Every structure is written in C-alpha cells, then in structure tokens.
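I'd like to go over a predicted model; first the sequence, then the structure.
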Amino acid sequence: MIRVENLVKTYGEIQAVRDISFHVKKGEIFAFLGPNGAGKTTTIKMLTTLLRPTSGRVFIDGLDPATHQNEVRQRFGIVFQDPSLDDELTAWENMDFHGALYSVPRRVRGERTEMLLTLFELWDRRNDQVKKFSGGMKRRLEIARGLLHTPKVIFLDEPTLGLDPQTRNQLWTQVKSLNEQEQVTVFLTTHYMEEADRVAQRIAIIDHGRIVAQGTSAELKQQTGAETLEQAFLSLTGSSIRAEGADSADAMRNMARMWRKNR
Amino acid sequence: MTTIYVLWLRQLKRYVRSRARIVASLGQPLLYLFGFGFGFSKVYEKAGQGNYIQFLAPGMIAMTILFTSIFSGIELIFDRQFGFLKEVMVAPVPRLLIMIGRTIGGATVALIQGLIVAVICLLAGFRPSLSSIPAALFFMLLMAILFTALGTAIASVLSDFQGFQMVMNFLVMPIFFLSGALFPLNNVPGPMAVLAAIDPLSYGVDGLRAALIGTSHFGMSIDMVVLSTLSVIFMVIGARLFSRIQL
C-alpha cells in the first residue's frame, strides 16, 4: 500500500531524511518510531503531498504523491500532531465539511458520519460546537473525520499525545476494530512504546534520518536482546536527549496554546 | 463548485456565530459617524459644502467594508494557527478553489456588515437616491472582493500575528485616511492628491458617492474600471501567494 524507495529530503545543509526505504502492506498497522527530530514528520509530509522529496520515490496505492497529488489525497486520511478542527463548527459540521471536500455523496456522507461518530462515542454530541469538547473527544473526532471518505491508508501522527491512559487505550481499540472492519492500512507514530508494541504488526525505527531497524516487535527485541520494545528502542537510538530547534511551527503551536487559554 | 460553496458557508456560519465580533466591528463606524458626523456638520455647512452626514455616510460604508474584508482575509492566520488550514490543504481539491471560496465568503461577510452600517446611516439621517442602489451594491461588492483578496495575500505571507499590527498601522489606516472617506478630494494639496489617486479605496468611496448622492471626483465609470481591474489583479496575486503557502 505504501512503498518508499531511497527517499531523501535535504533543507540546505541539513539532511532531514537520508535515503530511507520501507513498505507497508495493505491492511497492516505500521508504527513509525523515532526520537524527536529523527525525520518522522518530514517523512509523513512527503507521503501526504505536503512536501516534495529531494530525491527518491514514494508510492501510495501505486501512485506517486508528487505527480498524482489529488488522486493520492483522495486515498489517505490524516490526523495531524496538532488539532485541525474548526472549533466554531459542530462535530457534525466538521464531518460534513470534510465529506464535501472529498466529494463523498451526501447520502453516504450521512450514513458514514453516523457510523463513525457512534463508534467513537460522539454521536450524542454531534450538534455541539467543537470548542466545548475535551482533548480526547477532539482526537476521536479527528480520527472519525479522517476515515469519513473511506481512505485506503490513515496516517496518525502522535494521536495519543497528551491523553490519559484510559482514553489512549480506548482510542487504539477503536482504531484496531476499524482496521479489521474496513481493511484500512494504518500508519502511526507515537512516543509510547507499549502502544506500538500492542497495536502495530510491524515497526520501523528511524534515527538521524535513517531507518536503523525494522520488523515485528518480537524481531526487534530479539535483534537487540531486549526484554521490552522500549529497551530495544533505546539500545537502537541511544539514550542521549535530542536537541530540537524551536522552528516556526513550534512557535505557532505555543501561540495557539496561549490563545486557547485566554479565550 | 462544492468546494467554493462549503468554504463560503463555513465563513458565514462563523460570522453568524460570533456576535461579539459583529457588535465590535460596528462600533468603529458608529463612533466616526456620530463623532465626526455631528461634530463637523456645522463647519462643513459653513464652508458651503452642504450636509456632512450625507457626504460622510458612503465613506463610513466603505470603511466598514475595508476593515471587515481585510480582517476576513487575515483570518487565514487564525486558520493556520488553529490548524484548520492543514485539513483544507490535504483535501483533494485545487488550492485556487480554496482561495476563491474563502474570498467570496469573506467578501459576503463584509458586504453584510456594509449593509448594516448603511441602515444605521439611514437612521442617522442619511438620504440617498434610491434609483442607484444596484450601482451602490456593485461598488460595495467590488470593494469587498478586492480587500478580502488583499487580506488573504498578506496573510499568506505573514506566518503569525506579530505582523498584523504593522499591517493595520502602515497599510489599512493610510488606505482609509487617504481615501477621501472623511473629506472631499477636490481641494487637497498636490502630494496628497497623488496618494489618494493610488489608493484603491478612493475609487470605492467615490463610486459609492456617485451612486448614492450623485457627486463624484473621478467619475463613476473610472471608479468602476479601476476597481474591477484591481479586484482581478488582487485575486490573482492572492491566489498565487496562497498556493505557495508551506505548512
């Protein structure tokens, strides 16, 4: 479903992604792990048409995001690291807006919205403005929205960041059940190793822009002689803390947080 | 078509739901209308120019449209900060349609605000000629589109709100004050006349006056040609800059 061949992205002198290759099978849950600044988000941006690779090739369902932008966009759903809902609109309106942009026929849009909002336990709150939702509800709504147009792949970029264990647990159960029902391929990133261990069928670990290991959780543990995935992760990527420059996106995130608090 | 429609509808929903914003944005024109309007009306009359409220009302309508449109365009920064822009940018629709939908939505909101101020002006004693209302609406619409596109263009380049105050002080306020919204352009000193002539709002105010009270500085047809041309140019620039946004 996803095939990446010798993908490279450089920003001037800095090599964010250095010659990575991997593939994700149809219907698989694939975890893409790495410390901060390892190149995860840059890779996701290249897979989702937001960024052009410097070199190398990407195929989503056999199509190149660089040349078949809109066909590729129709085939994936994405939940970004930061919220991307319209707070002034209701849950239903956010879903409906998404469905219209992805040209989902009105009747199907209604049915799927009901099915997804029910699954993610938001149906009762469908006519409430999103600004009244908790962090966990917003995340669930975003996942439901990303799945509305029946994509073949869904990208989840740290979807459980900042959620409590109960919410995280429930969220993964829901994602897993959809993965089984609709055969949607799931491409996820997370910093919670036990989540990746539990949910993902295969895992790739990226560090300094290179893939340092890939395989099933058991294979990674065996390869490093570690007991848990977290130990395997640390032995593959080292335990030093990564310096991550605050870029404009981070500045904006902080600003957005301040805004939310003050309103 | 659906893309343009849903983006337009979203802008309208947001507008209707933010009552605080509606009230706040009407405060300024009201203040000008009553402060300047009643304050200067005697002086204006003594100078042999007739009724000041009559003269000022088109300027106030134009001002409301200017501020609302620029702000609607700049709201793009909000969308970027609150992340909603990403949702739109990964959708399988051309960016040009997104920009057009946003602009038409913002322009509609500005037009509604302009109409509300027009009604307030009527209550304050403004008596326009009713026969040229279609022409007046057309001028209002052109201004709304022009300045929403300008706001979108600016917001596409700014990445945060730090630059917003600068835009207000060095662009929007001069556009307003030099446009002849508050005073006639007939006898202004040379350099100012030049500045007024390159100010797009001057043609909007002038066109509105030509339509509503029958006096004009540039002439209605010139106003119409200049505004239409500029609207197209600003739309093209706005669309260009918008499609270059990197997230």
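On my side now, so go ahead.

Find the centremost residue of the chain, please.
Went with chain A since none was named. Nearest to the geometric centre of chain A sits A:Leu156, at 1.7 Å (Cα atoms, centre = their mean).

look at chain B instead
Among the residues of chain B, B:Leu66 comes closest to the average C-alpha position under Cα atoms, centre = their mean, at 2.3 Å.

before we move on, which element is it in?
Following DSSP states H and E, the helix or strand that holds B:Leu66 is helix B:52-81.

What mean pLDDT does that helix get?
Looking at helix B:52-81 alone, the average pLDDT works out to 89.

Stretch B:147-167 too?
Regarding stretch B:147-167, the rounded mean pLDDT is 85.

next one: stretch A:232-239
83.

again with stretch A:39-48
pLDDT averaged over stretch A:39-48 equals 90, rounded to a whole number.

Buried residues in it, which are they?
In terms of neighbour count (16 or more other Cβ atoms under 10 Å in any protein chain shown), stretch A:39-48 has its buried residues at A:39-48. From N, CA and C alone the C-beta is placed, and that goes for glycine too.

in the chain, which spans are helices?
Going with chain A. When secondary structure is read from DSSP state H, chain A shows helices at A:40-47, A:69-75, A:91-101, A:106-119, A:135-147, A:165-182, A:193-199, A:217-224, A:229-237, A:248-262.

you looked at the wrong chain, it should be chain B
In chain B, the segments counted as helices under DSSP H are B:2-17, B:19-46, B:52-81, B:84-89, B:95-123, B:133-157, B:164-167, B:173-177, B:190-198, B:200-212, B:220-243.

May I see the ones you listed organised as a markdown table, with distance to A:Leu171 added?
Compiled in a markdown table, the helices of chain B are given as follows (distance: least, Cβ to Cβ, whole Å):
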| stretch | distance to A:Leu171 |
| --- | --- |
| helix B:2-17 | 27 |
| helix B:19-46 | 34 |
| helix B:52-81 | 25 |
| helix B:84-89 | 19 |
| helix B:95-123 | 30 |
| helix B:133-157 | 34 |
| helix B:164-167 | 37 |
| helix B:173-177 | 49 |
| helix B:190-198 | 56 |
| helix B:200-212 | 51 |
| helix B:220-243 | 34 |
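
Most tightly packed of those?
Among the helices of chain B, helix B:200-212 has the highest mean neighbour count (mean count of other Cβ atoms under 10 Å in any protein chain shown), at a mean of 27.

pretty sure the residue nearest to the centre of chain B contacts B:Phe176?
Yes: between B:Leu66 and B:Phe176 there is a contact at 6.1 Å, judged by Cβ atoms under 8 Å.

Between the two, which contacts overlap?
B:Leu201 (Cβ atoms under 8 Å, 6 or more residues apart in numbering or on different chains).

Can you pull the residues of chain A lying near chain B?
Contact residues (Cβ under 8 Å from any Cβ of the partner chain) of chain A with chain B: A:45, A:48-51, A:69-71, A:73-74, A:78, A:80, A:82-89, A:93, A:97-98, A:100-103, A:129, A:145, A:248, A:251-252, A:255-256, A:259.

A:Leu147 and chain B, how far apart?
14 Å (Cβ to the nearest Cβ, to the nearest Å).

buried stuff in stretch A:231-244?
So, applying 16+ other Cβ under 10 Å, buried residues of stretch A:231-244: A:232-233, A:235-237.

tell me the angle of the helix holding B:Leu66 relative to helix B:200-212?
130 degrees (axes from the mean of the first three to the mean of the last three Cα atoms, to 10 degrees).

name the helices or strands packed onto helix B:52-81?
Here helix B:52-81 touches helix A:248-262, helix B:19-46, helix B:84-89, helix B:95-123, helix B:133-157, helix B:164-167, helix B:173-177, helix B:200-212, going by 3 or more Cβ pairs under 8 Å, 6 or more residues apart in numbering or on different chains; DSSP states H and E.

mind listing what residue 44 touches?
By default, I'm working from chain A. A:32, A:78, A:155, A:157, A:187, A:189.

right idea, wrong chain: chain B
Residues touching B:Tyr44, when contacts are defined by Cβ under 8 Å, 6+ apart, comprise B:50-52, B:55.

make it 6 Å
Taking Cβ atoms under 6 Å, 6 or more residues apart in numbering or on different chains as the definition of contact, the neighbours of B:Tyr44 are B:Tyr52.

List, one by one, the residues from chain B near chain A.
Proximity of chain B to chain A is assessed by Cβ under 6 Å from any Cβ of the partner chain, with B:2, B:6, B:14, B:17, B:81-84, B:86-87, B:90-93, B:159, B:247 identified as the residues in range.

Taking those together, which two end up most distant?
The largest separation in those, counting by Cβ to Cβ, is between B:Thr2 and B:Ser159 at 29.6 Å.

If you average pLDDT per helix and strand, which one of chain B comes out bottom?
Counting by mean pLDDT, DSSP states H and E, chain B has its least confident helix or strand at helix B:164-167, which shows a mean of 78.

Name the residues that touch that one?
Under the contact criterion Cβ under 6 Å, 6+ apart, helix B:164-167 has outside partners B:Ile154.

quick one: B:Gln28 from chain A, how far?
For B:Gln28, the distance to chain A - Cβ to the nearest Cβ - is 22 Å.

how close does that residue get to B:Thr64?
As for B:Gln28, its distance to B:Thr64 is 8 Å (criterion: Cβ to Cβ, to the nearest Å).

Phi and psi next, for A:Glu28.
With angles defined as degrees, to the nearest 10, A:Glu28 sits at phi -90, psi 150.

Correct me if wrong: it contacts A:Gln201.
Yes: when contacts are counted by Cβ atoms under 6 Å, A:Glu28 is listed as touching A:Gln201 (5.3 Å).

Which one's more surrounded, the two?
When neighbours are counted by other Cβ atoms under 10 Å in any protein chain shown, A:Glu28 comes out ahead of the other of A:Glu28 and A:Gln201, with 18 against 15.

for the more buried one, what are its contacts?
The neighbours of A:Glu28, taking Cβ under 6 Å, 6+ apart as the test, are A:185, A:201.

ditto for A:Glu88
So A:Glu88 contacts B:14, B:17 (Cβ under 6 Å, 6+ apart).

What about B:Asn187, how many residues nearby?
Other residues close to B:Asn187 by other Cβ under 10 Å number 7.

Look up phi and psi at it.
B:Asn187 has phi and psi values of phi -120, psi 20 when expressed as degrees, to the nearest 10.

That concludes my questions; thank you for your assistance.
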